[in-house]
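A.B. asks: fold the following and give me the result.
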Amino acid sequence: MKNIEKVDTSTIKLPADIQYWEELETYMSREFEQNNIPKDRIMKTLMAVEEIFVNIAAYAYRPEVGDAEICCEVEE
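C.D. replies: Take a look at the predicted model:
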């Protein structure tokens, strides 16, 4: 099993496997909350990211498991 790798303060690299969704969700929620993003926007964004991540996990590397690198950037 691969490890989760934090690339920098706004990017995370983890195995593209749905079992890692909770770790990604926690990471992104923390990033958004630290930047005072409203809860409703956090929830909508997390729903979109979950859909994308699940599609990558289900289709991108099968039958292998590759990595997904997610950048979380907040702009004003």
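A.B. asks: can you give me the buried ones in the helix or strand hosting E50?
C.D. replies: In the assignment (DSSP states H and E), E50 maps to helix 39-55. Of all the residues in helix 39-55, those buried under the rule 16 or more other Cβ atoms under 10 Å are 42, 46, 49, 53. The way it works is simple: take the backbone N, C-alpha and C, and place the C-beta from them, glycine included.
A.B. asks: so which elements touch that helix?
C.D. replies: For helix 39-55, the helices and strands in contact under the criterion 3 or more Cβ pairs under 8 Å, 6 or more residues apart in numbering; DSSP states H and E are helix 21-34, strand 67-71.
A.B. asks: out of those, flag the one nearest P15.
C.D. replies: Among the helices and strands packed on helix 39-55, the nearest to P15 by Cβ to Cβ is strand 67-71 (6.2 Å).
A.B. asks: show me the contacts for the spatially most central residue of the chain.
C.D. replies: Closest to where the C-alpha atoms of the chain average out (Cα atoms, centre = their mean) is L24, at 3.9 Å. If you count contacts by Cβ atoms under 8 Å, 6 or more residues apart in numbering, L24 has them with 12, 14, 49, 53, 68, 70.
A.B. asks: does N3 belong to a helix, a strand or coil?
C.D. replies: Classification of N3 by DSSP: H, G, I helix; E, B strand; the rest coil places it in coil.
A.B. asks: count the neighbours of it for me.
C.D. replies: N3 has 7 neighbours, counted by other Cβ atoms under 10 Å.
A.B. asks: pLDDT value on it, please?
C.D. replies: pLDDT, N3: 70.
A.B. asks: I'd guessed F53 sits against W21; true?
C.D. replies: Yes: with contact defined as Cβ atoms under 8 Å, F53 reaches W21; the gap is 6.2 Å.
A.B. asks: give me the common contacts of those two.
C.D. replies: Between them, F53 and W21 share no contacting residue under Cβ under 8 Å, 6+ apart.
A.B. asks: for this protein, what helix or strand is lowest in average pLDDT?
C.D. replies: Lowest by mean pLDDT, DSSP states H and E among the helices and strands of the chain is strand 5-8, with a mean of 55.
A.B. asks: pLDDT weak spots in the chain?
C.D. replies: Counting by pLDDT under 70, the chain shows low-confidence ranges at 1-2, 4-9, 76.
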